[in-house]
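Visitor: sequence plus the predicted model coming up.
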Amino acid sequence: MKNEDIKKDNQNDDNNKNENNDLKTNDNPKVDKKKNYEAEILNFGKDYSDFDLNFKVVVIGNSGVGKTCITNRATKNEFIDKYVTTIGMEIFSLFIKLNKKILKLQLWDTCGQEVYRSLITSFYRNCSLAILVYSIDQKDSFQNLDLWIKELKLNNSPDTKLVLVGNKLDLENQREVSFEEGKKFSNDYGFIDFFETSAKTGENINKMFINIAIELYEEFLTYNDKISKTDFKKLRPQKVIVNKRRRKKCC
Ligand code: GTP
């Protein structure tokens, strides 16, 4: 866990003020035209409990790519300037209102350091979606994405939804991974979305999480719809077979 002083980035004070207001207005696109949702990031504390749906989302990627800063920016509108590596993981709560429903995204911010890899794989279990983060100014963080995907799929459903994020967009002049490379990778591996973000300026952070909330909500609606239309008994044997296979692998 991180205990360092959290410094708000002075250079971004204006940005931050806007974004604080944005928790109710601007940068928070009120209406996602693509999918016709009215979406709003809510400034609720982590103890808020009157939500409708809860989804577990893991945030993974190399050490130092900005996973903690992304989650801090989304949930507290803060930017941590000083780098202190995460030990294990930290859980953040992000509340998003979609039309009249309140969704809670439980964000599991994991540590990227090699030494803790075996520890964090247990955190992947039962996640609805994984955000894979690389830094646009660190080619190796992009080249390592393969490994993160493999590890994730070994420890959670192979069908886990994936979102790719190229962070540190503000470091354009130090860019080592082009937008096109990121986009191609996300298409080739079947990611549901790709964003370039800056936790420092806040660019695309809210947009990314709102899109994730919409994806998860739509999947929830589809699943519920299927259950109501299908004979539920027919689904149960399939579930049993999947579990048996998994157990065999472990032994
Ligand atoms: P681990 O906990 O070791 O896995 O690292 P992490 O991926 O959580 O990285 P963290 O969020 O701690 O950020 C690492 C460093 O990158 C810090 O010094 C941050 O200030 C910096 N940083 C994070 N996001 C950005 C960004 O968007 N732009 C810039 N310029 N720096 C960033």
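Guide: Ah, there it is.
Visitor: residue ranges in the stretch 151-251 of the chain under the pLDDT threshold?
Guide: 225-251 (pLDDT under 70).
Visitor: next to the ligand, which bits of it? Give me the list.
Guide: Asn167, Lys168, Asp170, Leu171, Ser198, Ala199, Lys200 (CB under 6 Å from any ligand atom). (Each C-beta comes from the backbone N, C-alpha and C, glycine too.)
Visitor: any chance of those in CSV, plus distance to Phe95?
Guide: Below are these laid out as CSV (distance: CB to CB, whole Å):
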residue, distance to Phe95
Asn167, 22
Lys168, 26
Asp170, 26
Leu171, 30
Ser198, 22
Ala199, 19
Lys200, 23
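Visitor: strands - which of these land there?
Guide: Asn167 (DSSP state E).
Visitor: from the residues of the stretch 151-251 of the chain next to the ligand, list the buried ones, please.
Guide: Among these, those scoring as buried are Asn167, Lys168, Asp170, Ser198, Ala199, Lys200 (criterion: 16 or more other CB atoms under 10 Å).
Visitor: re earlier: so which of the residues of the stretch 151-251 of the chain next to the ligand is the closest to Leu94?
Guide: The nearest member of those to Leu94, counting by CB to CB, is Ala199 at 13.8 Å.
Visitor: looks like that closest one contacts Leu171 (just checking).
Guide: No: in terms of CB atoms under 8 Å, Ala199 does not count as a neighbour of Leu171; the distance is 11.3 Å.
Visitor: quick one, strands of this protein?
Guide: Going by DSSP E, the chain shows strands at 31-32, 37-42, 53-60, 89-98, 101-110, 129-135, 161-167, 193-196.
Visitor: of all the residues of the stretch 151-251 of the chain next to the ligand, which two lie farthest apart?
Guide: Leu171 and Ala199, at 11.3 Å, using CB to CB across these.
Visitor: got the CA positions of stretch 181-188 in CSV?
Guide: Taking Å, rounded to 0.1, in the frame of the first residue of the first chain, the C-alpha atoms of stretch 181-188 are listed here in CSV:
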residue,chain,number,x,y,z
GLU,A,181,0.9,0.1,-32.5
GLY,A,182,-1.4,0.2,-29.5
LYS,A,183,-4.5,0.1,-31.6
LYS,A,184,-3.2,-2.8,-33.7
PHE,A,185,-2.3,-4.8,-30.5
SER,A,186,-5.7,-4.2,-29.0
ASN,A,187,-7.4,-5.4,-32.2
ASP,A,188,-5.2,-8.4,-32.7
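Visitor: report the buried residues of it.
Guide: Neighbour-count burial for stretch 181-188 flags Gly182, Phe185, Ser186 (criterion: 16+ other CB under 10 Å).
Visitor: and which of those is nearest to the ligand?
Guide: Gly182 (14.6 Å; CB to the nearest ligand atom).
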